[in-house]
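Colleague: Quick check, what structure comes out for this input:
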Amino acid sequence: MPVFNRSKLLEVVGDDAAFLESLLENYLEDTEKKITRLRDALADGKTELVFHIAHSLKGASANMTAEYIREAAALMEEAAKKGDLIRSADCFRQVESEFERLKALCRQKDLK
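Modeller: Coordinates of the predicted model:
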């Protein structure tokens, strides 16, 4: 499975590559902010906040076909819902790792 499905996204945006690049840039910026907020919420033990941010990240990642990030965010959301910050932190590390992979791919292929 690819880090994200560019061809599917292009189809969704009517083959408008410039618009796709704009969407991707916004997603990357927004996800960076969410990751910072998640890191802080985990450090502060704010389970409910982790749940809400993970839920938002899950949806945004699904929209951008970033399936690995979506899956990790879904697992984090589920763990936070159960009050399990240790599992949430494990999932957070996976989100960070997958996000770094996505950023590297974007830089490599100049997709943003």
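
Colleague: Now do the helices in this structure.
Modeller: For the chain, helices defined by DSSP state H occupy the ranges 6-12, 17-43, 47-63, 67-81, 85-109.

Colleague: same for the last one, what does it pack against?
Modeller: With contacts defined as 3 or more CB pairs under 8 Å, 6 or more residues apart in numbering; DSSP states H and E, the secondary structure elements packing on helix 85-109 are helix 17-43, helix 47-63, helix 67-81. From N, CA and C alone the C-beta is placed, and that goes for glycine too.

Colleague: Out of those helices, which is closest to residue 105?
Modeller: Nearest to residue 105 among the helices and strands packed on helix 85-109 is helix 17-43 (10.4 Å), distances taken as CB to CB.

Colleague: average pLDDT across the closest one?
Modeller: For helix 17-43, mean pLDDT is 96.

Colleague: ok and that helix relative to helix 67-81, angle-wise?
Modeller: 30 degrees (axes from the mean of the first three to the mean of the last three CA atoms, to 10 degrees).

Colleague: in helix 17-43, what counts as buried?
Modeller: Residues of helix 17-43 classed as buried by neighbour count (16 or more other CB atoms under 10 Å): 20, 23, 24, 27, 28, 31, 34, 35, 37, 38, 41, 42.

Colleague: Tell me the one of the residues you listed nearest residue 104?
Modeller: Nearest member of those to residue 104, counting by CB to CB, is residue 28, at 11.5 Å.

Colleague: Roughly how far does the closest one sit from residue 83?
Modeller: Applying CB to CB, to the nearest Å, the value for residue 28 to residue 83 is 30 Å.

Colleague: Please apply the same query to residue 61.
Modeller: 23 Å.
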